[in-house]
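[1] Let's see this in three dimensions:
(2 chains)
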2 protein chains.
Amino acid sequence: MRIGIVGGGQLAKMTAQAAQRLGFTVTILDPTRDAPASGVSNRQIVGDFFDPKKLKELADVSDVTTFDLEHVDTNAMKTLAAKGTKVEPSPAILEVIQDKLEQKKFLSKAGIPTSPYKAIDLVEPEALKNFGFPLVQKLRRGGYDGKGVAILNDERDLSKALVGESFLEKKVDIQKELGVIVARSRNGNTKCFPVVEMVFDPKGNLLDYLLAPAQIDESVTARAQDLASKTVNALKGIGVFGVELFLSKNGEIVVNEIAPRPHNSGHYTIEACATSQFEQHVRAICDLPLGSTEQWYPAAMVNLIGSPDAKGPAVVEGLSAALSEEGVSVHIYGKHETRPLRKMGHVTVLNHDLQKAKEIALKIKSVLKFRAGVEK
Amino acid sequence: MRIGIVGGGQLAKMTAQAAQRLGFTVTILDPTRDAPASGVSNRQIVGDFFDPKKLKELADVSDVTTFDLEHVDTNAMKTLAAKGTKVEPSPAILEVIQDKLEQKKFLSKAGIPTSPYKAIDLVEPEALKNFGFPLVQKLRRGGYDGKGVAILNDERDLSKALVGESFLEKKVDIQKELGVIVARSRNGNTKCFPVVEMVFDPKGNLLDYLLAPAQIDESVTARAQDLASKTVNALKGIGVFGVELFLSKNGEIVVNEIAPRPHNSGHYTIEACATSQFEQHVRAICDLPLGSTEQWYPAAMVNLIGSPDAKGPAVVEGLSAALSEEGVSVHIYGKHETRPLRKMGHVTVLNHDLQKAKEIALKIKSVLKFRAGVEK
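    Have a look, this model is predicted:
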């Protein structure tokens, strides 16, 4: 099989490595020469995700085309799909997910619990006050890694409101943030990976660490997996989807957001599960049987992000120290430039004891750093 | 780090994938365009392993140069190393290992038990008879995958003798064939992976299946690991080495052969161990700390070889059937041409029960086939 991937970031890199292991070839499309996935793919087409010609060029050399991000020209992809190109997941799904308001509408329509929301025409104090605090304002388009989201707890936060097409959501009184990776194949068969727990740093709304499995009751696990499966079934998606959920303090579970692709919360599956989310994605889009999602070992995961004060050629510090810890798998994406809080890599730690895994993971996060080097 | 690999076969492919995960870049040198490692490396230099210019070209773009095979121009590599290029393991070690007679002499000199042997000038019936049956005749150079080795049980086998520079070895009355992957770092620190058991198909002398860990007493495990470590320490090698051993029916252990690189018997480490043999090799040659060799799960491994009657463009059959089994990791190397008994891939099966893993592995071996397709 020849796999085409729109986008050449870390998700494409890890997907390409899984595809190559199965003997498949991979072409990526990315505007940045030497994008992370470039070195592990057979070929890179240098071009934009919104360039119909480049998208066609990719599809033309691929038996199936997939995505490493949702911000692409879905119209161009729809045209290609209509002409018989195999594109998974379908561009129509990406279209729903690109617009967070459409995503909310979709969830409501499908009867999937999600926090109450309201579209607003203009971001005006009156509209915000009328909706009621505490609220979450989300830009409809373009957000990622906590960007495009504002939390307004009361009137004093009005100045934090973002400018742009947006909608409002009731703020959930969160007990835990959970994630489930779901794979769905053409015949409608779905498989869930274990439920994970994501602990966020309140500053910057970035993931602090992830625990797999989540430390929750079995009944919560079952409900979370059921909701995640229902969501992906309602989308009729083919491939792997990351479903983010909130467990509220009163025990309710709501779906927060969907990613139509492998997701940061599933990186631990590379080392900890019988099948990784990346191989599972490849299997799903290539109409191969889905693999076992059994987790062999407890795992903790941390993201490695660019130092807040650094912008420039990426220099890794502390790799030796990190690799001297037990059960550690270091993933460095190979981005040439570090920027404040940019995702530069991640580390998964396996340990018989999940708490010990977490401690090691946090220790590594404190020693493995991305600084800016000198321009060559 | 920029890693250079002489050779672009499956060992280079899996080494490159491990190096890329750590954010390193990889260049390979291989005469075959689109060699297996090519698609997962940043660059391929198309050239021969015996071309000093191409070897220099590779070394010039690499911070450290290593090997996916031992049949290379060691003189050229020695010259490069003398001029300050970092080459690991050292070309002098490859030189010893290239010549199986030199390898035997080295083992004897180091006081490492190995089966008694004798160099012969000419392959004549008298010389063979004088040495005594049963014997193993080995060509000094160029053997691989059971080629270059003849087993002569008695005078009736004299016609099986090979032509070429060779030596004779007493045939060990083998109880089990064992393997140990040993990593050694610049500071002399060594780490052994678990002892594995290799079961060979008497026809063709090819691996039938591998069990990890080997089903042997703890005392045998300790002795095998001790011998393997001693061997690699005596070589003063840096990197990963595959040490093949025989456990005789009377409980003796002797070293059979050494591979100065990752080895087929260590492929199971990708899924089953805290660190894979490939990452361990990268760590060792890059002066990074060696990783834990803990085995998380029992594993069985089978090689996927070209059908005996097929030569031509490789076509995989039975991939869906193979992937529908539990705990299966399929590796297809991406060789364009299948040839009789050529190593085309391998499959590792993890299972709580080692016997069950073996059954699944053998089942997959019977369904996953490489046929010859039509030339395009």
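
[2] Give me the contact list for the longest helix seen in chain A.
    Across chain A, the longest stretch assigned as helix under DSSP state H is helix A:218-235. The contact list for helix A:218-235 (C-beta atoms under 8 Å, 6 or more residues apart in numbering or on different chains) reads A:89, A:93, A:96, A:106-107, A:110, A:112-113, A:178, A:180, A:182, A:184, A:188, A:190, A:192, A:194-195, A:213-214, A:216, A:241, A:243, A:245, A:247, A:251, A:253, A:255, A:258, A:260. C-beta here means a position set from N, CA and C on the backbone, and glycine is covered the same way.

[3] A:Glu294: how many residues sit nearby?
    Each residue near A:Glu294 was counted by other C-beta atoms under 10 Å in any protein chain shown, and the total is 14.

[4] Kindly provide the distance from the closest residue in space to A:Ile238 that isn't next to it in sequence to A:Ala82.
    Here the nearest residue to A:Ile238 in space, its sequence neighbours aside, is A:Glu88; by C-beta to C-beta, 6 or more residues apart in numbering or on different chains that works out to 4.5 Å. Distance, A:Glu88 to A:Ala82, using C-beta to C-beta, to the nearest Å: 15 Å.

[5] now swap in A:Pro113 and tell me
    A:Pro113 sits 34 Å away from A:Ala82, going by C-beta to C-beta.

[6] Neighbour count for these two, which is higher?
    Higher neighbour count among A:Pro113 and A:Ala82: A:Pro113, with 15 against 10, using other C-beta under 10 Å.

[7] Model confidence at the most centrally placed residue in chain A, what's the number?
    Most central in chain A under C-alpha atoms, centre = their mean is A:His263, positioned 3.0 Å from the mean C-alpha point. pLDDT recorded at A:His263 is 97.

[8] With A:Gly204 instead?
    So, for A:Gly204, pLDDT stands at 64.

[9] The residue of chain A positioned farthest from its centre and A:Ala119: what is the separation?
    No residue in chain A sits farther from the centre than A:Glu126, which is 33.9 Å out by C-alpha atoms, centre = their mean. Here A:Glu126 is placed at a distance of 15 Å from A:Ala119 (C-beta to C-beta).

[10] likewise A:Gly179?
    26 Å.

[11] okay, those two: which has more neighbours?
    Neighbours around A:Gly179 and A:Ala119, counted as other C-beta under 10 Å, are more numerous at A:Gly179. The numbers are 26 against 12.

[12] What's opposite the more buried one in the beta bridge?
    The bridge-partner assignment for A:Gly179, based on DSSP bridges, gives A:Val196, A:Glu244.

[13] pretty sure it contacts A:Tyr268?
    No. Applying C-beta atoms under 8 Å, one finds A:Gly179 not in contact with A:Tyr268, separated by 10.2 Å.

[14] Need the overlap of contacts for those two.
    A:Val196, A:Leu210.

[15] in stretch A:142-156, what's buried?
    A:Gly143, A:Asp145, A:Gly148, A:Val149, A:Ala150, A:Leu152 (16 or more other C-beta atoms under 10 Å in any protein chain shown).

[16] and which of the residues you listed is nearest to B:Glu169?
    Closest to B:Glu169 out of the buried residues of stretch A:142-156 is A:Asp145 (61.9 Å), distances taken as C-beta to C-beta.

[17] Excluding covalently adjacent residues, which one is nearest to the closest one?
    Nearest one to A:Asp145, counting by C-beta to C-beta, 6+ apart, is A:Leu206 at 6.5 Å.

[18] Please report how far that neighbour lies from chain B.
    Going from A:Leu206 to chain B by C-beta to the nearest C-beta, to the nearest Å gives 20 Å.

[19] Can you classify the residue of the stretch 1-150 of chain A found nearest chain B by secondary structure?
    Among all residues of the stretch 1-150 of chain A, A:Gly23 sits closest to chain B, at 2.8 Å; criterion: C-beta to the nearest C-beta. Assigned with DSSP: H, G, I helix; E, B strand; the rest coil, A:Gly23 falls in the coil class.

[20] looking at the sheet around the residue nearest to it when sequence neighbours are not counted, what are its partners?
    Of all residues not flanking A:Gly23 in the chain, B:Ile332 sits nearest, at 2.8 Å (C-beta to C-beta, 6+ apart). Applying DSSP bridges to B:Ile332 gives these bridge partners: B:Gly345.

[21] A:Gln40 against B:Lys13, yeah?
    In this structure residue A:40 is Val, not Gln. No. With contact defined as C-beta under 8 Å, A:Val40 and B:Lys13 do not form a contacting pair (10.5 Å).

[22] and stretch A:158-167, which residues are buried?
    Within stretch A:158-167, the residues that count as buried by 16+ other C-beta under 10 Å are A:Ala161, A:Leu162, A:Glu165, A:Ser166, A:Phe167.
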